[in-house]
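Chemist: Structure for the following, please:
(2 chains)
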There are 2 protein chains.
Amino acid sequence: MYKEPFGVKLDFETGIIENAKKLVRKLSDMKGYFLDEEAWKELVEKEDPVVYEVYAIEQEEKEGDLNFATTVLYPGKVGKEFFFTKGHYHAKADRAEIYFALKGKGGMLLQTPEGDAKFIEMEPGTIVYVPPYWAHRTVNTGNEPFIFLAIYPADAGHDYGTIKEKGFSKIVVEEDGKVVVKDNPKWKE
Amino acid sequence: MYKEPFGVKLDFETGIIENAKKLVRKLSDMKGYFLDEEAWKELVEKEDPVVYEVYAIEQEEKEGDLNFATTVLYPGKVGKEFFFTKGHYHAKADRAEIYFALKGKGGMLLQTPEGDAKFIEMEPGTIVYVPPYWAHRTVNTGNEPFIFLAIYPADAGHDYGTIKEKGFSKIVVEEDGKVVVKDNPKWKE
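Modeler: Numbering: from 1, shown residues only, chains lettered A, B, ... in the order given. Alright, predicted model coming up:
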């Protein structure tokens, strides 16, 4: 039997995809991810803001099929570090991914398994090609929600554990009002 | 060795992706595709308009990798039939595809190998899921360029021959100023 084709609406202003599964990540869900643990704790106790929301339409994990999702990554900082998504490798490490920025301002931090990192700036209209094997995390460096669409193989899967444990070798911080990408002092090689 | 990540700009107004490979399909490249062969011949001899342009960034044909491309499908008709793309199955028939409409008005005609067809309307913000096995063709039913982004597995490949030979079981025409999807009298089952 064939699967049914369908069309759904993505709202360019809000990033919401109709009929999608919604996932919410609050700051309390991201313990250990930010450099400044004191600032993290304080902000969680004060308001525990939503860091990002994901609207995903996913298929069964099958080779050749495709999933898509929007992310609404809110503006904010923990200490000097801009809000970001958890970031992940793919469980099937050789799966690529395509990101398409729709609103706001930010960038993508990518990293090889050996820790070579690269930061790619994103603004509305930027398409980022995430090659096989690279971990990827998006960062909101602006003052409004950073919204983007991602398309990824249905069998890619997510490996969040490696990033949770080791982090990225680079961090994206605000220094003197500028966006600066610098070495992560807590990076565990 | 790892492939390099990159970001490129997609221009929302023109649909052009920087550094992409450009492909142009003129009406003369589409002999035999439209129902009204006399109208096709007349229009080819008169001006041979560009029907669509594709801006593609493609990888090697490798499982798990992804390609992306925009299409600028111009407004126009051959007889009563709206301009469309050639349409294709994937050479690896079980590869899916995701389309994202950015500008203009149109739709997608999809078809199973047995000829069961479906038409999905598209306007800016519509995401269409093309499941494995379905042939797909886009149609411009508006008065301005219809622009959309497509993401597809790098190993999907294209089977244009089946559609060229057999066509789609449905056609999309203008009747009394309305968009009508009806049976294709030339459809070869």
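
Chemist: From now on I want contacts and neighbour counts done on CA atoms only, so please keep to that.
Modeler: Fine.

Chemist: Count the neighbours of residue A:100 for me.
Modeler: 24 (other Cα atoms under 10 Å in any protein chain shown).

Chemist: list the buried ones in the helix or strand hosting it?
Modeler: Using DSSP states H and E, the element containing residue A:100 is strand A:97-103. For strand A:97-103, the buried set under the neighbour-count rule, 16 or more other Cα atoms under 10 Å in any protein chain shown, comprises A:97-103.

Chemist: what do you get for stretch A:180-189?
Modeler: Using 16+ other Cα under 10 Å as the test for burial, stretch A:180-189 gives A:180-181.

Chemist: Centre of the chain to that stretch, how far?
Modeler: 18 Å (Cα atoms, centre = their mean, to the nearest Å).

Chemist: got it, and stretch A:153-166?
Modeler: Per Cα atoms, centre = their mean, the centroid offset for stretch A:153-166 relative to its chain is 12 Å.

Chemist: how about that stretch: buried residues?
Modeler: For stretch A:153-166, using 16+ other Cα under 10 Å, the buried residues are A:153-157, A:159-160, A:163-164.

Chemist: do that stretch and chain B meet?
Modeler: Yes. Legend: contact between stretch A:153-166 and chain B by Cα under 8 Å from any Cα of the partner chain is shown at A:153, A:156.

Chemist: where do the strands sit along chain A?
Modeler: A:6-9, A:21-26, A:50-57, A:66-73, A:77-78, A:81-82, A:97-103, A:106-111, A:117-122, A:126-130, A:135-140, A:146-153, A:170-175, A:178-183 (DSSP state E).

Chemist: tell me what the last one is packed against?
Modeler: Spelled out, it's strand A:178-183. strand A:170-175 (3 or more Cα pairs under 8 Å, 6 or more residues apart in numbering or on different chains; DSSP states H and E).

Chemist: how about the residues of chain A that lie near chain B?
Modeler: A:2-12, A:63-66, A:68, A:94-98, A:110, A:112, A:120-122, A:125-133, A:151, A:153, A:156.

Chemist: can we see that at 7 Å?
Modeler: Counting by Cα under 7 Å from any Cα of the partner chain, chain A comes close to chain B at A:3-12, A:64-66, A:94-97, A:120, A:125-132, A:153.

Chemist: Separate out the buried members of those residues.
Modeler: Neighbour counting by 16+ other Cα under 10 Å classes A:5, A:7-10, A:64-66, A:94-97, A:120, A:125-132, A:153 among the residues of chain A next to chain B as buried.

Chemist: residues in contact with the helix-or-strand element of chain A with minimal mean pLDDT?
Modeler: Across the helices and strands of chain A, mean pLDDT, DSSP states H and E gives its lowest value to helix A:161-166, namely a mean of 92. The contact list for helix A:161-166 (Cα atoms under 7 Å, 6 or more residues apart in numbering or on different chains) reads A:33, A:87-88, A:187-188.

Chemist: how about those in a markdown table, adding pLDDT?
Modeler: Below are these laid out as a markdown table (pLDDT from 0 to 100):
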| residue | pLDDT |
| --- | --- |
| A:33 | 97 |
| A:87 | 97 |
| A:88 | 96 |
| A:187 | 90 |
| A:188 | 75 |
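
Chemist: Can you verify my assumption that residue A:112 contacts residue A:133?
Modeler: Yes. Contact criterion Cα atoms under 7 Å: residue A:112 and residue A:133 qualify, at 6.4 Å.

Chemist: Using CSV, write down the CA coordinates of whichever helix in chain A runs longest.
Modeler: The single longest helix within chain A, with elements called by DSSP state H, is helix A:37-46. This file holds the C-alpha atoms of helix A:37-46, laid out as CSV (Å, rounded to 0.1, in the frame of the first residue of the first chain):
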residue,chain,number,x,y,z
GLU,A,37,26.0,27.1,35.7
GLU,A,38,25.2,29.7,38.3
ALA,A,39,23.5,31.9,35.7
TRP,A,40,21.6,28.9,34.4
LYS,A,41,20.3,28.0,38.0
GLU,A,42,19.3,31.6,38.7
LEU,A,43,17.3,31.9,35.5
VAL,A,44,15.6,28.5,35.9
GLU,A,45,14.5,29.5,39.5
LYS,A,46,13.4,32.9,38.4
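
Chemist: Show me which positions of it end up buried.
Modeler: A:39-40, A:43-44.

Chemist: I'd like to check the angle between it and strand A:50-57, please.
Modeler: With axes from the mean of the first three to the mean of the last three Cα atoms, to 10 degrees as the basis, helix A:37-46 and strand A:50-57 are set at 80 degrees to each other.
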